[in-house]
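Asker: Let me see the structure of the following:
(chains A and B)
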Amino acid sequence: MCKIGKFFLKLLGIFLAANAVLFVVFFFDLDGKLLFNVVEPFLKNHYDNMKRKDVLTMPYDTDKFPKYKYDE
Amino acid sequence: MAKKKLSKSLKDFWYGKPHTAEEGGRRLGELYEDKTGLFKHREWRGVKDTFYYMYMIWGYNYVHMVTDILKYSDNPIDFFKGTWRYRWMGQTYLPVIHWFDRGLQGMRGPALRASAWHYRAMVSASIQQICNFFNGDTRLHHGKENDAYRHTFLAKETTCGTLFYPWMDAGYQYVPIEMIPYFVTCHVNSHTVLNYIDAAQSIGLPGDPCPMCQAEAGIYVLDDVPDCAPFVITCNEACDGSVGTAILQDWFIDKPLFAMSLPMQFDDPLVRKFCMKDIEECWKFIEEQTGVPFNFESMVKRLELQNKLQRDEWEKWEVAGKTDYYPVNGVAQALFRIFSTQYGIQGDFWLEASEKVKKIMYRCVEKKINPFPQTRHRVIAWSCAPLYYSNWCTWAYNCWGLNTIINMDSLMFDMEIRTDSYEHMLEDMATYHMWAPMRRMAVGGMHHIFELWDYMERFNCDMVAMYDQLQCKGMQGVHGLFEDEFRKRNVKAFWLPHALPDCRTVSRAEIRRLINDYMTTVMHEEPLDPSLLDFDDSMTW
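Answerer: Numbers count the residues shown, from 1 in each chain, chains lettered A, B, ... in the order given. Here you go, the predicted model:
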């Protein structure tokens, strides 16, 4: 077989193998299982332990900005 | 016998298993893993539909989630920084495809294709909003107020996007503050919002107002709102809980803020005048803050596209009401409409999806294809839906043949806005603005909530799914009136209690149990798919 033929056969093989892998991921919901069991708990842990500003310590300065009334 | 079995297996492989139990059905409830709602394996819908789902929905949307980021983001790195910084982002963006799975389960042929296009448009609109958040967010840019920051309008999610069209030609972007952090998260991953509801209550706020208002306030309490615009526009949403949210927003945002007043009464000429004035004041505020004048041409350009989208919808509703050929399922119909009418024309995704759906729909009409062949009842869903279980109607069709044709979410902005003069445009804008979510669907007064009877007729529905938002004081007040009317008119109706975003108050399983009870004890019907009657998805997204 010529070199070009072999190359295309190889390409076809890679394409088919990639599709087979994708199908397994899709059909057995492996994306969902990964996200639910690994990624989400990891992210949740990160967000739960994040340092956040205590917004309640901010003064509520009601006179800081004009009233934006345009009908007076 | 063996030959018959083989022939059925081959048929099931090629076309997918049939829907009903009598035909040796597909038993969708058995696909779930216990509690999590994850699939042991995804549904086999037959060769054509399974591979359509895999390539054109699952794969296509994963790929487009990435290309949308590249399209709308000024710097894709910001997207990752934002994911790391904001809980609503990280927890929500990842399970998007499972949101598709839940809404499209059991769908075949045109119903699968058309409903998925509605979902695609919503994902694209969401990514645009997320990118608009992050493009200007000072937290992601070392406190720097960049050009995107100066060109972003931040507004409460129930302040309709239509208001900001006049500045779009000048390069401004509108971001509804809570639409992604609150509204979309509830649908995609119902776990996220619980943090925000609890945060609002943790500072001593009462737990009995509308949980939507609580969650919207909680996002601020947890300091989880991007700092992406120099000023803010809020509104009261005509709900006392929301007034409280707007006060907290004024406190925590600490920027120039214009509070629009949605009147408690509407359909009154004096109230309309008040509203027109309020809109004009809002526009003056924007002019003052941006230094950019109101541009009527920019307004008209987008309003005409919005009107086109509305006319498209009327075309679709005509088919939905008068035939069995409408291919969009209940959840895809409702979410597409509420999202598109509230966010407005900020991109071409709505119109593109609408065109694709119309094409599928007309093919169904032409070839007389009924996309929901197991329909036993044509249902209209009324009042506001449970956000954590908006896909209940997909389940209801699969389990009982209850086909939700239309819903109140879709119908609330049922109008065009005239563009022939400034005066007409303003008059219609006032009506559009007053018909904000929670107005026509909940606290809009007797006239509007009782439009149900007209719409039942228009959409040829024989059953009502009546949502009962347990923490909405407005709707609690009319519960008895609906009961009386249902009896008087001999309308088949079931109540669907829920607490809007909070899946802890009424679980999904409880909602299903109530519908099951109604269908067996009142309607004396047998389920199409008994495996869906009872399953545990208490931990699902």
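
Asker: contacts and neighbour counts: CA atoms only from here.
Answerer: OK.

Asker: my guess is residue B:220 meets residue B:250, correct?
Answerer: No: applying Cα atoms under 8 Å as the test, residue B:220 and residue B:250 come out as separate, 10.3 Å apart.

Asker: Give me the pLDDT value at whichever residue of chain A sits closest to chain B.
Answerer: Using Cα to the nearest Cα, residue A:28 is the residue of chain A that sits closest to chain B, at 4.2 Å. On pLDDT, residue A:28 comes in at 97.

Asker: Residue B:339 now?
Answerer: Here the pLDDT value assigned to residue B:339 is 92.

Asker: how far away is it from residue B:289?
Answerer: In this view, residue B:339 and residue B:289 are 27 Å apart by Cα to Cα, to the nearest Å.

Asker: higher neighbour count, these two?
Answerer: residue B:339 (20 against 13; other Cα atoms under 10 Å in any protein chain shown).

Asker: Which residue is the nearest non-sequential neighbour of that one?
Answerer: Excluding its sequence neighbours, the residue lying closest to residue B:339 (Cα to Cα, 6 or more residues apart in numbering or on different chains) is residue B:122, at 7.2 Å.

Asker: tally of neighbours for the one you found?
Answerer: As a burial measure, residue B:122 scores 22 neighbours (other Cα under 10 Å).

Asker: following the helix or strand where residue B:488 lies, which helix or strand shows up next?
Answerer: Element membership for residue B:488 (DSSP states H and E) is helix B:479-489. The helix or strand immediately downstream of helix B:479-489 is strand B:492-498, counting by DSSP H and E.

Asker: Which neighbouring elements make contact with that following strand?
Answerer: On a contact count with 3 or more Cα pairs under 8 Å, 6 or more residues apart in numbering or on different chains; DSSP states H and E, strand B:492-498 meets strand B:463-469, helix B:508-517.

Asker: so how far is the helix or strand containing residue B:90 from its chain's centroid?
Answerer: Using DSSP H and E, the element containing residue B:90 is helix B:87-93. A distance of 17 Å separates the C-alpha centroid of helix B:87-93 from that of its chain, computed with Cα atoms, centre = their mean, to the nearest Å.

Asker: Tell me the predicted confidence for the closest residue to chain A within the stretch 201-350 of chain B.
Answerer: Nearest residue of the stretch 201-350 of chain B to chain A, counting by Cα to the nearest Cα: residue B:251, 5.1 Å away. Confidence at residue B:251, expressed as pLDDT, is 92.

Asker: Report the separation between it and residue A:66.
Answerer: From residue B:251 to residue A:66 the distance is 14 Å (Cα to Cα).

Asker: show me where the stretch 201-350 of chain B has helices.
Answerer: B:211-221, B:240-253, B:269-290, B:296-322, B:330-343, B:349-367 (DSSP state H, counting those that start in this stretch).

Asker: and residue B:107, which of the ones you listed is closest to it?
Answerer: helix B:330-343 (11.6 Å; Cα to Cα).

Asker: Give me the packing partners of the closest one, helices and strands only.
Answerer: With contacts taken as 3+ Cα pairs under 8 Å, 6+ apart, helix B:330-343 sits against helix B:109-136, helix B:392-400, strand B:402-407, helix B:408-411.
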